[in-house]
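Q: structure for this input, please:
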Amino acid sequence: FQLLSLLENDTSNLSYEPWSIFSNVIHHYNQINSIFNDKTIFNKQSSLPPKLRFKSTNVFNMIDSFVQNNQPTIEYSSQLQQLSMDVCQEKFKHNISSTNNLHDIFTSYKTNLYSDSVFFSTRNELYGSACVTEMISICKQLEPNLSFVELMIFVLNFSNNFSIITFDEKNNIGTMSNSTDFIHTQHIHVTILWKYFINQYGFIEAVRRFNSLIKSILLIFHISEDLCQNRNNMNT
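A: Next up is the predicted model:
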């Protein structure tokens with residue numbers, strides 16, 4: 001596993017706290033083995049008769065299975081366990097949709113789903129050809145080292161910015177102000193990601209790759225609202 005080799009050959013001089021966090025993330029991803037699990041889900045789906053293989057309901061069930069691999073990663077974090085329940089609920093409410101869409105696109109890329117003509121056609125029907133074309137374009141721009149993308153997903157789970165905010169007068173404003181506790185955790189994870197970019201590629205190339213990864217994330221954020229809207233329309 002790519003991250004494990006980084007851990008064994010570290011030259012980034014991480015301090016104790018981020019080093020412990022990074023070690024736990026590596027261990028957890030190894031245990032989940034999301035690539036194997038996602039491919040197993042896809043292979044099971046592909047074994048169905050052609051007419052059932054990529055019906056919209058079956059595709060949504062498959063996507064939901066992919067997404068479930070992202071959620072245990074969030075729950076696993078010791079930083080999350082140190083925060084109040086109210087703060088955690090607010091951050092999940094704001095971030096879970098966008099991070100799940102990112103995880104869905106990332107998983108589809110890892111399992112080479114977009115090369116399947118039936119799956120491609122079904123996605124066109126569900127989300128529209130323009131949206132699917134944009135998703136494929138994003139996949140092609142993703143950082144080749146997919147381990148860093150997995151780390152970025154972990155970072156975004158703690159982000160104060162990766163969300164589409166909808167005003168709700170019933171929300172507790174005090175809870176929102178307390179959510180600044182996430183800033184410290186977010187800073188730690190971004191620092192880990194950045195130092196390992198430098199460790200692998202050197203400063204100049206790290207800047208280029210980090211910039212490219214951020215652009216891809218922003219593009220995914222841009223289409224997340226459309227994806228959610230299309231899915232809501234399918235469910236009504």
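Q: low-confidence stretches in this protein?
A: Applying pLDDT under 70 to the chain picks out residues 1-19, 22-43, 45-46, 48, 50-94, 96-97, 118-119, 146-147, 160-182, 224-236.
Q: hmm, try it at 50
A: Where the chain drops to pLDDT under 50, the residues are 1-5, 11, 72, 175.
Q: could you report the distance from Ser98 to His187?
A: In this view, Ser98 and His187 are 19 Å apart by CB to CB, to the nearest Å. The C-beta positions use only the backbone N, C-alpha and C, and glycine is treated the same way.
Q: the two: who's more crowded?
A: In this view Ser98 and His187 are compared by other CB atoms under 10 Å, and Ser98 has more residues nearby, 23 against 13.
Q: got the contact list for Leu102?
A: Contacts here follow CB atoms under 8 Å, 6 or more residues apart in numbering; on that basis Leu102 touches 153, 156, 217, 220, 224.
Q: most neighbours, which of the residues you listed?
A: Most crowded among the contacts of Leu102, counting by other CB under 10 Å, is Ile220 at 25 neighbours.
Q: element containing the nearest residue to that one once chain neighbours are set aside?
A: Leaving aside its sequence neighbours, Ile220 sits nearest to Leu102 (CB to CB, 6 or more residues apart in numbering; 5.1 Å). Per DSSP states H and E: Leu102 is located in helix 85-110.
Q: immediately after that helix, which helix or strand?
A: Trace forward from helix 85-110 with DSSP H and E and the next one is helix 117-127.
Q: other SSEs contacting that next one?
A: Packed against helix 117-127 by the contact rule (3 or more CB pairs under 8 Å, 6 or more residues apart in numbering; DSSP states H and E) you find helix 56-68, helix 129-141, helix 203-235.
Q: got the buried residues for it?
A: Using 16 or more other CB atoms under 10 Å as the burial criterion, the residues of helix 117-127 that qualify are 119, 122-123, 126-127.
Q: tell me what angle that helix forms with helix 129-141.
A: Calculated by axes from the mean of the first three to the mean of the last three CA atoms, to 10 degrees, helix 117-127 forms an angle of 120 degrees with helix 129-141.
Q: please save the CA atoms from helix 117-127 in CSV.
A: Output of helix 117-127 as CSV, limited to C-alpha atoms (Å, rounded to 0.1, in the frame of the first residue of the first chain):
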residue,chain,number,x,y,z
SER,A,117,-20.9,1.4,-21.7
VAL,A,118,-24.0,0.3,-19.9
PHE,A,119,-23.0,2.1,-16.7
PHE,A,120,-22.1,5.2,-18.7
SER,A,121,-25.5,5.2,-20.5
THR,A,122,-27.3,4.8,-17.2
ARG,A,123,-25.4,7.7,-15.6
ASN,A,124,-26.3,9.8,-18.6
GLU,A,125,-30.0,9.1,-18.0
LEU,A,126,-29.7,9.7,-14.2
TYR,A,127,-27.6,12.8,-14.2
